[in-house]
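Colleague: sequence? don't have it. structure:
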DNA sequence: ATGGCAGACCATGTCTGA
């Protein structure tokens, strides 16, 4: 079972890329973030035509998440129970016995801002939410744009990023708390090339110069991670005309017989 | 030292992103 994540930065603009990518990479599950469109405008037909099922939670202009799945989606939920939030950042569903939680973690803008406080509060709510999800669903994958680089080596230049937004101690502690629930960062289960990133700034030729960050992750529960066979970044879509600033990350699992 | 690009919106500038 292949489970992928991709922040598309406007599904309206990126739909051709997503459809082409799914055609070339027929993953079982794809978590999308930053749809930037309302549910009424979600392009269901394009995914149906490829044989995919979709559950979405969108809003106008900002945020928005969806789960695209080759197999039917069950027990779809939107948002985090007990955490009121106008911003559409969480969607979850079960497919083939695996619980998928797909998240778009707040950016946080800058340390000390209201948005930063919201990010830290939101991450605490995510911890509570995932603790409950793990209890109910031992086979759990959490896909998403976490907007946190876990360690200095997940930035192109620690002297630029360390201590700042996406790399502050408080953010990393919140991510660590998620891992401490019994989740693993699938990417680091395997030997990887140095300077491996999932996001590059549009400005200053960031991608060409590989000035990136690794901020998109697939976390897997103990029961699921035992069956993880690979985790790779696909930089191909970042090379296309009018790309998203993020590129897909794919984790592959050998599932125990149902 | 700063901004640099991209997307959305009752747009011709402003907000947000990371």
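Modeller: Sure, I can see it. What you see is a predicted model; the values in this text were computed from it and never measured.

Colleague: contacts, neighbours, all on C-alpha from now
Modeller: OK.

Colleague: do a quick rundown of the strands in the stretch 101-250 of chain A.
Modeller: For the stretch 101-250 of chain A, the strands defined by DSSP state E, counting those that start in this stretch cover A:140-145, A:183-185, A:199-200, A:212-213, A:216-221, A:228-233, A:249-253.

Colleague: what's the closest non-adjacent residue to residue A:174?
Modeller: In space, and not counting its chain neighbours, residue A:174 is closest to residue A:123: 6.2 Å by Cα to Cα, 6 or more residues apart in numbering.

Colleague: so residue A:110 sits against residue A:116, correct?
Modeller: Yes. Under the criterion of Cα atoms under 8 Å, residue A:110 makes contact with residue A:116 at 6.2 Å.

Colleague: where does pLDDT dip in chain A?
Modeller: Within chain A, the stretches with pLDDT under 70 are A:256-258.

Colleague: geometric centre of it: which residue is closest?
Modeller: residue A:144 (1.3 Å; Cα atoms, centre = their mean).

Colleague: OK, contacts around the closest residue to that one other than its chain neighbours?
Modeller: Excluding the flanking residues, the one nearest residue A:144 by Cα to Cα, 6+ apart is residue A:103, at 4.7 Å. Residue A:103 is in contact with A:33, A:65, A:89, A:90, A:91, A:142, A:143, A:144, A:145, A:146, counting by Cα atoms under 8 Å, 6 or more residues apart in numbering.

Colleague: swap in residue A:37?
Modeller: Shown in contact with residue A:37 (Cα under 8 Å, 6+ apart): A:10, A:11, A:12, A:58, A:59, A:60, A:61, A:62, A:64.

Colleague: would you mind checking those for buried ones?
Modeller: Buried subset of these (neighbour count, 16 or more other Cα atoms under 10 Å): A:10, A:11, A:58, A:59, A:62, A:64.

Colleague: ok, and which of the residues you listed reach DNA strand B?
Modeller: Here is what survives when the buried ones among the contacts of residue A:37 are matched to DNA strand B using Cα under 7 Å from any atom of the strand: A:10, A:11, A:62.

Colleague: so which of those sit within helices?
Modeller: Among those, the members falling in helices (DSSP state H) are residue A:11.

Colleague: pick the one among the ones next to DNA strand B among the buried ones among the contacts of residue A:37 closest to DNA strand B.
Modeller: Using Cα to the nearest atom of the strand, residue A:10 comes nearest to DNA strand B of those, at 4.5 Å.

Colleague: quick one: residues contacting that closest one.
Modeller: A:34, A:35, A:36, A:37.
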